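Asks: Sequence first, then the predicted structure, then my questions.
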Amino acid sequence: MRAPLILAALAAPLLLGACVTSKTYPTYQQELDTLEADCTARGGILTPSGANTGHVQRDYLCKITGGATRIPQG
């Protein structure tokens, strides 16, 4: 009789904790939109890398098209 009660008392916080800590992750399209916005803000164009990994950051590259230089301006 004691064993099931002790087991239930120990398991309850673990079961409740699993429900509370569930985290939602962005979808592939949401990550792609964010990456495209960041790339455009830097003056680049998002281009496919040729890879198909399921990770947006590996599947696409930000190709800087203009204004990028290592020579100091001014």
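Replies: Noted; the coordinates are in hand. Numbering: from 1, shown residues only.

Asks: Please, where are all the helices along this structure?
Replies: Applying DSSP state H to the chain gives helices spanning 2-20, 28-41, 56-59.

Asks: which residues touch the residue lying closest to Gln57 once chain neighbours are set aside?
Replies: Spatial nearest neighbour of Gln57, excluding adjacent residues (C-beta to C-beta, 6 or more residues apart in numbering): Leu35 at 6.7 Å. Placement of C-beta: from N, CA and C, glycine included. Residues counted as contacts of Leu35 (C-beta atoms under 8 Å, 6 or more residues apart in numbering) are Leu46, Val56, Gln57, Tyr60, Cys62.

Asks: Which of those residues sits closest to Tyr28?
Replies: Val56 (6.3 Å; C-beta to C-beta).

Asks: thinking that closest one is in contact with Gln30, fair?
Replies: No: between Val56 and Gln30 there is no contact under C-beta atoms under 8 Å: 9.1 Å.

Asks: More neighbours: which of the two?
Replies: Between Val56 and Gln30, counted using other C-beta atoms under 10 Å, the more crowded position is Val56 (19 against 11).

Asks: Before I go, just wanted to say thanks for your time.
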